[in-house]
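Student: quick check, what structure comes out for this input:
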Amino acid sequence: MDIGSTHNFVSDRWMKKLGLTIQCIKEFPVVVASDKPIIIDKKCEQLSWKFKDHEFVGDFLVLPGSHFGVILGMQWLKTLGEIR
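Tutor: Okay, the predicted model is just below:
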């Protein structure tokens, strides 16, 4: 989980390994921790996953050339409601 990320991301390696369905989107840049802009041109919609006893569904942008699996950003965190 990364509260500094505005969106959810899945690595292109996981996307291919898991055989996820993707959609091509209009290219746009995102800035990663290294301050290097990366061009995003794919997304996975309504991707479902489980964490312990909870199931979630969300949209993910495909981040090319990444060594991580998934980044849950503020896009997902907001779905949990108000945190006190």
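
Student: which pLDDT value belongs to the nearest residue to Val57 once chain neighbours are set aside?
Tutor: Nearest residue to Val57, sequence neighbours excluded (Cβ to Cβ, 6 or more residues apart in numbering): Ser48, at 4.7 Å. (Glycine included, C-beta is placed from N, CA and C.) Looking at Ser48, its pLDDT stands at 88.

Student: cool, Pro29 as well?
Tutor: 91.

Student: that one belongs to a helix?
Tutor: No - counting by DSSP: H, G, I helix; E, B strand; the rest coil, Pro29 falls outside a helix, being strand.

Student: give the contact list for it.
Tutor: 37-40 (Cβ atoms under 8 Å, 6 or more residues apart in numbering).

Student: returning to what we had before: burial of the residue nearest to Val57, as a residue count?
Tutor: By other Cβ atoms under 10 Å, the residues close to Ser48 number 8.

Student: follow-up on the earlier one: pipe the contacts of Pro29 into JSON lines and attach secondary structure and pLDDT per row.
Tutor: JSON lines is the format used below for the contacts of Pro29 (DSSP: H, G, I helix; E, B strand; the rest coil; pLDDT from 0 to 100):
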{"residue": "Pro37", "secondary structure": "strand", "pLDDT": "87"}
{"residue": "Ile38", "secondary structure": "strand", "pLDDT": "89"}
{"residue": "Ile39", "secondary structure": "strand", "pLDDT": "92"}
{"residue": "Ile40", "secondary structure": "strand", "pLDDT": "93"}
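
Student: that's all I had, so thanks and see you.
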